[in-house]
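Trainee: please work out how this folds:
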Amino acid sequence: MAQAIPLVIVHEDADLLVVDKPAGLVVHPAAGNLDGTLVNALLHHCAGQLSGIGGVARPGIVHRIDKDTSGLLVVAKTDRAHEGLSAQFAAHSIARTYRALVGGCPVPASGTVSGHIGRSDANRKKMAMVGEHRGKHAVTHYSVLEKLGPAALVECRLETGRTHQVRVHMASIGHALLGDPLYGRDPKPLRGILQNLGFRRQALHAASLGFIHPASGAALAFSSPLPPDFSALLEELRDNS
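Mentor: Model prediction:
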């Protein structure tokens, strides 16, 4: 099955590779998704040569993006790369920006959302803003790039990388991502557009990624264009705004 998985490699060297993950692809095997994951495809591509630090289920995986989020992901091929990249993530020195389509338009047009994120008491499938004694500290810097009638295109820069961080933080300020049924309801005027386009995922794309190469010390930066489904929704919103 791994051979059938599309694998878009943006960069590859002896220590690591950067992948542009399509929406709908799970990063690593878990209950209900043992095959057909990004890890399966990576193991096939690298002939099993990935960092073993993540264990059998998550070889080479230094960070994740959600199944229905598209965009850039760096993967460690060696233990040296895994340790070096993990240290940068822990120090919050990895540069990551996302593009998101949200309901409404945040005011002010730029700002910072911070607070602890942990598992929701009401729904174990969800994360939520929780008290300081729970969860993990999370910081997202956002800026509105374009107002689109009852929606907006927003850039989110992650200072931390928590599960569902952008989705939780934008919902917490009243601007949930379009297409995200877990954290919000789409604005009524946009439901027909989303339905007509068949857009059934959170409108979130990991657009840029920057880090220091853990072996060479070189500063690397990568960008990913918006995928076709996101671009089509953006154009439709522009046409109707």
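Trainee: in this structure, which spans are strands?
Mentor: Taking DSSP state E, the strands of the chain run over residues 8-12, 16-21, 70-76, 95-103, 110-119, 127-130, 136-148, 151-158, 204-212, 219-223.
Trainee: show me what the first one pairs with in its sheet, parallel or antiparallel.
Mentor: It refers to strand 8-12. Paired with strand 8-12 in the same sheet, following DSSP bridges, are strand 16-21 (antiparallel).
Trainee: what do you get for the last one?
Mentor: For strand 219-223, the paired strands and their directions (DSSP bridges) are strand 204-212 (antiparallel).
Trainee: measure how the helix or strand of the chain with the lowest mean pLDDT sits relative to strand 70-76, angle-wise.
Mentor: Least confident helix or strand, the chain: helix 38-45 with a mean of 86, by mean pLDDT, DSSP states H and E. Angle of helix 38-45 versus strand 70-76, following axes from the mean of the first three to the mean of the last three CA atoms, to 10 degrees, is 60 degrees.
Trainee: and helix 38-45, C-alpha only, in PDB?
Mentor: The C-alpha coordinates for helix 38-45 follow below in PDB (Å, rounded to 0.1, in the frame of the first residue of the first chain):
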ATOM      1  CA  LEU A  38       3.100   9.000   5.600                       C
ATOM      2  CA  VAL A  39       5.400   6.800   7.700                       C
ATOM      3  CA  ASN A  40       4.600   3.800   5.500                       C
ATOM      4  CA  ALA A  41       5.400   5.900   2.400                       C
ATOM      5  CA  LEU A  42       8.600   7.200   3.900                       C
ATOM      6  CA  LEU A  43       9.800   3.700   4.900                       C
ATOM      7  CA  HIS A  44       9.300   2.600   1.400                       C
ATOM      8  CA  HIS A  45      11.000   5.600  -0.100                       C
END
